[in-house]
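Asker: mind looking at a prediction? Sequence and model below.
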Amino acid sequence: MPARRIDGKAAAAALRERVGHLASFFSASTGRPAGLATVLVGEDPASEVYIRSKRAATAEAGMESVHHALSADTSEAELLALVERLNADPAVDGILVQLPLPGHMDSARVIAAIDPDKDVDGFHVVNAGRLAVGDPAALVPCTPLGCLHLLKAELGDLSGRHAVVIGRSNIVGKPMAMLLLGESCTVTIAHSRTRDLPALCREADILVAAVGRPEMVRGEWVKPGATVIDVGINRVPGVEPGKSRLVGDVAFAEAEQVAGAITPVPGGVGPMTIAMLLRNTLVAAHRRAGLAAPEGL
Ligand code: GUN
């Protein structure tokens, strides 16, 4: 029997609706909407698409979206000055500086300049540290937070399960591992130097693939009945000449014959990322306003 398909689109829609309700309570009780400031430097077409989607989703949830488009030749000092202004602006609850930044900028320095309590991407080292020590004040990166949401919805209690995370990036792999550890999973972080990756993956009750290599994880790597979360979004040539299609890091057609449940690409993890950005913005807004964290997010 093929695996259950985990419907990230539906889960994201439900979460966005809930955020929308809570955002209107927030506006009513504080007299102002929660606000997200987005910053894009340059004109990278993919980044422009991401920013447009994030802004539209923010507005749809009844939150204020303020965008700052800076030219590609903006100096790092000018960008840092903007971040400082946004840090000081009481109407701004969340700050998102879209990555990648142009080559003449040091993204670590720019991220470090963001007020950690407005860092809705969860990229600041203070938030990475809070997550590592289990401090609930952490703002957690949106993609792994979305993966955890799907896993809990699918499996309930995760405790004692063996989770293998393939990928060690600061944005997905490492925070994913921390979140799973926080749920009392036994966590293994695998990467490009891991020996006998297929055998290790076959040990996993939960397999999270976040490597950015199209269809790397084969069906025979999956333990029967495992839950597979595919973070990859890779554009590959389509069947028709000149066309392309999206595939994950997991060979879906093979893996779904073995797994118990699996996220498709597209329609799995992807939609959860923006939903979690809205969630993080609303949580940051509540904390900044001295209100109790909204329940059920
Ligand atoms: N570029 C690609 N994904 C992201 C993201 O989640 N946040 C930011 N800031 N930049 C990105």
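Answerer: Alright, I've got the coordinates. Numbering: from 1, shown residues only.
Asker: now this structure against the ligand: closest residue?
Answerer: Leu99 (3.7 Å; C-beta to the nearest ligand atom). Every C-beta, even on glycine, is put in place using the N, C-alpha and C of the backbone.
Asker: nearest spatial neighbour of that residue, skipping sequence neighbours?
Answerer: Ser107 (5.9 Å; C-beta to C-beta, 6 or more residues apart in numbering).
Asker: what's the local residue count around the one you found?
Answerer: 14 (other C-beta atoms under 10 Å).
Asker: which of the residues in stretch 83-103 are buried?
Answerer: Buried residues in stretch 83-103, defined by neighbour count with 16 or more other C-beta atoms under 10 Å: 83, 86, 92-99, 101-102.
Asker: so what's Arg279 up against?
Answerer: Residues in contact with Arg279, defined by C-beta atoms under 8 Å, 6 or more residues apart in numbering, are 15, 19, 145, 297.
Asker: any idea of the mean pLDDT in the host helix or strand of it?
Answerer: Using DSSP states H and E, Arg279 sits in helix 270-288. Averaged across helix 270-288, pLDDT comes to 98.
Asker: alpha carbons of that helix, as PDB, please.
Answerer: Presented in PDB, the C-alpha positions along helix 270-288 are these (Å, rounded to 0.1, in the frame of the first residue of the first chain):
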ATOM      1  CA  GLY A 270       7.100  24.300   0.800                       C
ATOM      2  CA  PRO A 271       3.700  25.900   1.800                       C
ATOM      3  CA  MET A 272       4.500  25.500   5.500                       C
ATOM      4  CA  THR A 273       7.500  27.900   5.300                       C
ATOM      5  CA  ILE A 274       5.400  31.000   4.700                       C
ATOM      6  CA  ALA A 275       2.800  29.900   7.100                       C
ATOM      7  CA  MET A 276       5.500  29.700   9.800                       C
ATOM      8  CA  LEU A 277       6.800  33.100   8.900                       C
ATOM      9  CA  LEU A 278       3.400  34.600   9.600                       C
ATOM     10  CA  ARG A 279       3.200  32.500  12.800                       C
ATOM     11  CA  ASN A 280       6.600  33.800  13.900                       C
ATOM     12  CA  THR A 281       5.700  37.400  13.200                       C
ATOM     13  CA  LEU A 282       2.500  37.100  15.300                       C
ATOM     14  CA  VAL A 283       4.400  35.400  18.100                       C
ATOM     15  CA  ALA A 284       7.000  38.200  18.000                       C
ATOM     16  CA  ALA A 285       4.300  40.800  18.000                       C
ATOM     17  CA  HIS A 286       2.600  39.300  21.100                       C
ATOM     18  CA  ARG A 287       5.900  39.100  23.000                       C
ATOM     19  CA  ARG A 288       6.800  42.700  22.100                       C
END
